[in-house]
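>>> here is a sequence with its predicted model. Questions after.
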Amino acid sequence: MDFDLNEQQQMLRTMARDFLSRECSRTRVRELEKDSRGYDPDMLAKMAELGWLGLVLPEKYGGTGAGLLDLVVLLEEMGRNITPGPFFPTVALCALPLIKFGTKVQKAGYAADIAGGNKIWSLALTEESGSYDAADINCRADYNGTNYLINGEKWFVPFAHAADFLIVICRTGEVSNPQQVLTAFIIDTKCQGLKIELIPTIAGDGQCRVRFKNVKAGKQDILGGVGNGRKVFDFIMQSATILKCAEVSGACQAVLDMTLAYAKERIQFDKPIGSFMAIQHKLVDMLTEVEGLQYLVYYSAWLLASGQKAATQISMAKAKAAEVYQQVCIDGVKIHGAIGFSMDHDIGCFFRRIKSAEFMLGDRDTHLSKVASGIGL
Amino acid sequence: MDFDLNEQQQMLRTMARDFLSRECSRTRVRELEKDSRGYDPDMLAKMAELGWLGLVLPEKYGGTGAGLLDLVVLLEEMGRNITPGPFFPTVALCALPLIKFGTKVQKAGYAADIAGGNKIWSLALTEESGSYDAADINCRADYNGTNYLINGEKWFVPFAHAADFLIVICRTGEVSNPQQVLTAFIIDTKCQGLKIELIPTIAGDGQCRVRFKNVKAGKQDILGGVGNGRKVFDFIMQSATILKCAEVSGACQAVLDMTLAYAKERIQFDKPIGSFMAIQHKLVDMLTEVEGLQYLVYYSAWLLASGQKAATQISMAKAKAAEVYQQVCIDGVKIHGAIGFSMDHDIGCFFRRIKSAEFMLGDRDTHLSKVASGIGL
Amino acid sequence: MDFEFSKKEEQLRREIREFARRELAGRDLITGLEEESLDEDWEFAMQMSKKLSQKGWLTMAWPKEYGGRDASFFEQHVYMDEASYRGIPGMTMGVSGIGWVGQSLMLFGSDEQRKKYLPPIAAGEPDGIWCTAYSEPNAGSDFANIQTRAVRDGDYYTLNGQKIWTSCAHRARWCWLAVRTDASVSKKQHGISLIILDMKSPGITIKPIYNYAGIHIFNELFFDNVRVPVANLVGTENRGWYQLMQSLAFERHSVAPQFYGTARRILEIIIKYAGRTNLHGKPLASDPLVKHKLAERAIELETLKLFGYEITWKLSKGLIPIYEAARNKAYCDFVMQRLATTGSEIIGAYSQVDMRSKWAKVEGSITRLYMMFPGISIAAGTDEIQKNIVGQFKMGLPRPY
Amino acid sequence: MDFEFSKKEEQLRREIREFARRELAGRDLITGLEEESLDEDWEFAMQMSKKLSQKGWLTMAWPKEYGGRDASFFEQHVYMDEASYRGIPGMTMGVSGIGWVGQSLMLFGSDEQRKKYLPPIAAGEPDGIWCTAYSEPNAGSDFANIQTRAVRDGDYYTLNGQKIWTSCAHRARWCWLAVRTDASVSKKQHGISLIILDMKSPGITIKPIYNYAGIHIFNELFFDNVRVPVANLVGTENRGWYQLMQSLAFERHSVAPQFYGTARRILEIIIKYAGRTNLHGKPLASDPLVKHKLAERAIELETLKLFGYEITWKLSKGLIPIYEAARNKAYCDFVMQRLATTGSEIIGAYSQVDMRSKWAKVEGSITRLYMMFPGISIAAGTDEIQKNIVGQFKMGLPRPY
């Protein structure tokens, strides 16, 4: 039993904290929210140089072959700094399933470009309903003898407008057993029939609607085999979800840190406001939840990384992340008072992202249902 | 718009508060919890003398013909003092439906004895499931050409062991439309085939299991007509529920009062504990909820009394009562510290009754569902 | 006990409904302060204020001599509730004027001040738009810590200092301003005065503060030797603190009926959305989790409604509801937060969609509420301050700090 | 990062499970302190303590010389968790002795004291049963306000005063007692000493306090000129406050693993109940509201589990987890309350049925928990006290009163 990061993880954390506080200040985050690309290609290139994009990719594809727990540490730091951009969709949503399910040809063809920061990827999974239940995937891929023709819409696809490739999860069979008939495709965003529109969000965080009209995909574009989309889906719903939780956990830590600092420094009635019991106990509650979330994230990531059953704990972490992040942001803003409500203050950057974090990869109720079935209900 | 009680109600409140603080001290309440009857017949007789048992009965049956709102005021005071005994089942659960649905013969035969405090009544409605959904009534009454034969079990029947008569709601038709085939019967507890056992509860508040084995009932024993049990049921689920809420509201006020008094008087760290912000704000939250509950009870009782649609608001009041009573008791005990946890302290009398108040006449989820359908869901 | 509105009050409600139907067809529901942000919204709000004035509703509870019509507190309640429910812009005219400046001037102002300042408010004119400047960087919850100085110099005060979080300053003709006129006092509460500031005076700089949803409601105000005639002093010099407390109470009185109206509308919109939106092949409205969350919100709103009734009833009896106003403010904040979070859970990922985008659901109302509720809850006093007031004034507890 | 228990620890867990299966077959789950109430329960608990001692588990983390076996903190953790999960009575022997008296004596006690008092604890003997008397009528949260006097008179102290909320006093052979030995100090924290009191001493009156569920755990203690040898002083006279703080920290360390074990068991029992109980013709377990409530409780328990791991891990690294212990205590109270209320909602009206009645559901566990949680949460420091500790020791905030 050991809660400590290993040396490599500690180095990674220090490096990430240094780099991000230098390159990705919150002022920069606010600028990028207004930027139509929503991210900074130079920053991404530097991340690639630091080896972050290839962190979990095998060495033969230009990666460093680190483990999921290392990526958790890195994403926690990115969460602390928000770090807008396609890192998460490329690495967490796509590189991991590519390495897990890709054919040799696919891996050889795509992985090195990911590691090098040359290509951006994203995942087109949820649809107009916003649901992350496999049964709600309606986007179809019908085989016409030579190709699959993809038709339908995908929503809230992060950074699709910047992406070179999408992993698209489609329905390829009949509806009688909706869970068994999914297939994942790798689609070049330059292909015909694909239309990408930016959805204007509060956080300006580059979520898109992607429409498919007779988009062609060949057998070589299938990830994980025909009819195996459910496996890809399940894999993503575990690995990407826990990584999203790591990001949220880092964000929660940052909000707590800035709120605590403010509560010490802000004087009202001749005392720091943190000395008023109602405020102080709220801060303690925040700390308890933030620490609890962090440990739950570490624990479920460790379960997954060490090959144990992790689905229930990952869903626990996601449900808790949604709740804690929202509560910490609300309490944080309220403790800041009016200043926390202004565009110039960092805490707003976190507040604007509450709902994005909550709904990406499944909302609280979705994951509570998974927890319920995991505990025998 | 007027939140004030009228003069008659104010007099009733003063009289009730005087009488109950004299005759029904909390020490007496604790004694009665240990008493096998669970109530004090002398106290009940005095209440009858004061005209309380006949408060809402017409004058021709020895009542005073007061309205539902007056009874709300009285039950609020009884709730403040807990007042163990069969007043609630006799008046709220039985006298009101008797007057509403009884035949002339029934009213003439029974009402005066209720007003005079000579006969005790109770309602046998819920069953082993504890559910207050009409569909969950399984106790059957089958007609054999001359009589109905009642078979089944009723649970949590308050003061059945002391009752002379029970109103029993039974299934008399087929299950195809379970809501339409209920019938209410008036049953003499001395009849053959009826077995009453006291269920030992935390509050020693006289709830019983009643078993029926071929209990005979004639047509003259039917309340409200054959197959009209649903109407009786619906009536009770409104009028008795709001009266239960009034009782709970009074109990909440009492818990708040005693907790506030203690917070002013208890000194720790050289200050009254009510001056610590966390405690003070908890007291303020309690006050807000207790006042909110009181107004919601008054409002929904007024809706019902003035012949308007009241079902949704009554369910709102019941759902809120369950939540507020529990919260106020928990916070109240915690603010009292260890002393609140001891058998000798009054607050425990209220704590022991949380669950009885919560589940009698339908739990929070049951009433939230009714609210949901009331607001168009 | 009687919870019925009078025939007259019900008639007023119908007229407001009719007015809204006619004037607002097709416009989105914009909550409260947001109308101050964009020029086109503000312009529309001002048109509405004028029309509401012509209907006799804007300051209906004011005495006739000041442009009101001596309407009852209950009629005013109905106006606040129904106009909020209908989302009529301009209904509070930037809040300050009809919210507390008018009533405060009636209590503490000179005859000249009443004659000069009240009619343009009642008329719904641009000259009746006020802002209120109390807060400073170091005077938030600890409001008595005001440092902005007004130094008397013959017939004028000279103002220097800074105010912050001044909503509507960029729209206002006048400012209801709290300043320090005596810095030598030992008790901070003393030495504060209320003055009326002409926003056209030289030496005022207005710097916008955008909130984190990009909406311009708040401003910073800087005063550089601004000259204010002594005639603009309200009431007695150095006694401003007590007048301020009264003004704040006026402010909190209308919180419950006003927010109740808005919230009831939003709840209804969500319920309709849940009825027409399918998930997993069934309407959201049939999901027990959705049902119970919304039922809980409905109970909170019903409670808020009654809290609003209660305060109006007490005002109508000539009582001064101090703790009730603070309780209602804190309860509103609680209800807002719960409604915003529940609403966002129901519309899901769409709650992050910009409220003015074509993809916004439920008219953007949830996203708007979600983005605004922390700010609204801080305005007019934090939760902590409200609860302290209830603790002291209602429960007789010592001040907890 | 590694959350795996060692093979040895897992083996221990299996042995405890085996032990419980053999020894407890068919007995109800009785949470913690309740075993002190009834004679027959207490007798059984004492038998179990003896057996647990023989298995080497009771004080396994103690050094061998005091009757332990130098087991790791993780083994002790596994014992606390698993024995609680299995509901083994006697596992904490009335709490004080193995909870903090033993460890405190190892830190502050004299050699003679260790030799005399530790072996009976380790052996699970009646002579190893302790109670702890800190609280007084006017010294609850404000614990330094202790008034019970011990006046030195040659080789003896003479005790006078009163203690309250002393659990296990009616079962204990010894009392771990905080008294005032110097009443002249200006700072209340000074002048307090810890002494060992023989419960057979003349002049002690024990008055039972029944809790509101009728269970006898607490007592009042009255001291009328009770004589205590000076040799029974623990550590340094008048320095007792600091020793007390350390004892309290020991007490809080085991809160999380112990309560986690109990709570996990209760949650499983409720889940099974929901699976086998039908309502409206469907199992409760298929009701989304039931599912989500229990899922939330499961998440809280998982968090508590990790908080428990963390504290054990820190202890194992030689750290002194102060704020963590306070945080865990407060979090336990929160989790207990939520589990009790959810559980009661699921078993419904049966939650009011006496836990020892034939009609009790889920082995009476929910009713028991519901009746006990407010008391347990007050014991060893209220929520407010715990949060103050976290605020000061972890967050660097000033004391809030």
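It's in. Numbers count the residues shown, from 1 in each chain, chains lettered A, B, ... in the order given.
>>> can you give me the neighbour number for residue 371?
Picked chain A for this. 28 (other Cβ atoms under 10 Å in any protein chain shown). In this view, the C-beta of every residue, glycine as well, is placed from N, C-alpha and C.
>>> please go with chain C instead
Applying other Cβ under 10 Å, I find that residue C:371 has 25 neighbouring residues.
>>> quick check: it vs residue D:138, distance?
Here residue C:371 is placed at a distance of 50 Å from residue D:138 (Cβ to Cβ, to the nearest Å).
>>> what's the answer for residue C:301, then?
Counting by Cβ to Cβ, the gap from residue C:301 to residue D:138 is 45 Å.
>>> those two: who's more crowded?
Set residue C:301 next to residue D:138 and count neighbours by other Cβ under 10 Å: residue C:301 wins out with 21 against 14.
>>> which parts of the stretch 51-200 of chain C sit against chain A?
Contacts of the stretch 51-200 of chain C with chain A, taken as Cβ under 8 Å from any Cβ of the partner chain, map to C:135, C:138, C:140, C:141, C:142, C:145, C:164, C:165.
>>> turn the residues you listed into JSON lines, columns for pLDDT.
Formatted as JSON lines, these follow (pLDDT from 0 to 100):
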{"residue": "C:135", "pLDDT": "92"}
{"residue": "C:138", "pLDDT": "89"}
{"residue": "C:140", "pLDDT": "85"}
{"residue": "C:141", "pLDDT": "84"}
{"residue": "C:142", "pLDDT": "86"}
{"residue": "C:145", "pLDDT": "91"}
{"residue": "C:164", "pLDDT": "93"}
{"residue": "C:165", "pLDDT": "91"}
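>>> quick one: contacts for residue C:381?
Taking Cβ atoms under 8 Å, 6 or more residues apart in numbering or on different chains, we find residue C:381 in contact with C:141, C:248, C:252, C:326, C:329.
>>> where does it sit: helix, strand or coil?
coil (DSSP: H, G, I helix; E, B strand; the rest coil).
>>> measure it to residue C:248 for me?
In terms of Cβ to Cβ, residue C:381 sits 7 Å off from residue C:248.
>>> and chain C, is stretch A:135-145 touching that?
Yes - applying Cβ under 8 Å from any Cβ, one finds that stretch A:135-145 is in contact with chain C at A:135, A:136.
>>> count the neighbours of residue 140 for me.
Using chain A here. The burial count for residue A:140: 15, using other Cβ under 10 Å.
>>> switch to chain C, please.
Residue C:140 has 22 nearby residues by other Cβ under 10 Å.
>>> ok, which pair from the contacts of residue C:381 is furthest apart?
Greatest spacing in the contacts of residue C:381, by Cβ to Cβ: C:141 and C:252 (14.9 Å).
>>> more neighbours, the two?
Neighbours were counted for residue C:141 and for residue C:252 using other Cβ under 10 Å; residue C:252 has more, 25 against 19.
>>> list the contacts for that one?
Counting by Cβ under 8 Å, 6+ apart, residue C:252 has contacts C:325, C:326, C:328, C:329, C:380, C:381.
>>> what's the lowest-pLDDT member of those?
Among the contacts of residue C:252, residue C:380 carries the lowest pLDDT, at 75.
>>> was I right to think that one contacts residue C:254?
No - the pair residue C:380 / residue C:254 is not scored as a contact, 10.6 Å apart, by Cβ atoms under 8 Å.
>>> who has more neighbours out of these two?
Each of residue C:380 and residue C:254 has its neighbours counted (other Cβ under 10 Å); residue C:254 has more, 25 against 21.
>>> chain D versus the more buried one, what's the distance?
34 Å (Cβ to the nearest Cβ, to the nearest Å).
>>> excluding its backbone neighbours, what's nearest that residue?
Spatial nearest neighbour of residue C:254, excluding adjacent residues (Cβ to Cβ, 6 or more residues apart in numbering or on different chains): residue C:80 at 5.4 Å.
>>> burial measure for that neighbour, as a count.
24.
>>> contacts only, for it.
Contacts of residue C:80 (Cβ under 8 Å, 6+ apart): C:91, C:254, C:257, C:258, C:261.
>>> after the host helix or strand of residue A:97 comes which helix or strand?
Assigned by DSSP states H and E, residue A:97 falls within helix A:96-101. The first helix or strand that comes after helix A:96-101 along the chain, using DSSP H and E, is helix A:104-115.
>>> could you give me the buried positions within that following helix?
Buried residues in helix A:104-115, counted by 16 or more other Cβ atoms under 10 Å in any protein chain shown: A:106, A:107, A:110, A:111, A:112, A:113, A:114, A:115.
>>> out of those residues, who's nearest chain C?
Comparing these against chain C with Cβ to the nearest Cβ places residue A:114 closest, at 26.1 Å.
>>> just the C-alphas of the helix or strand of chain C with the lowest mean pLDDT, formatted as CSV.
Within chain C, no helix or strand scores below helix C:240-253, which has a mean of 86 by mean pLDDT, DSSP states H and E. In CSV, the C-alpha atoms belonging to helix C:240-253 read as follows (Å, rounded to 0.1, in the frame of the first residue of the first chain):
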residue,chain,number,x,y,z
GLY,C,240,-26.0,57.5,6.5
TRP,C,241,-25.5,54.1,8.0
TYR,C,242,-29.0,53.9,9.4
GLN,C,243,-30.5,55.1,6.2
LEU,C,244,-28.5,52.5,4.3
MET,C,245,-29.8,49.7,6.5
GLN,C,246,-33.3,50.8,5.6
SER,C,247,-32.5,51.0,1.9
LEU,C,248,-31.0,47.5,2.1
ALA,C,249,-34.2,46.2,3.7
PHE,C,250,-36.3,47.7,0.9
GLU,C,251,-34.0,46.0,-1.6
ARG,C,252,-34.5,42.6,0.0
HIS,C,253,-38.3,42.9,0.3
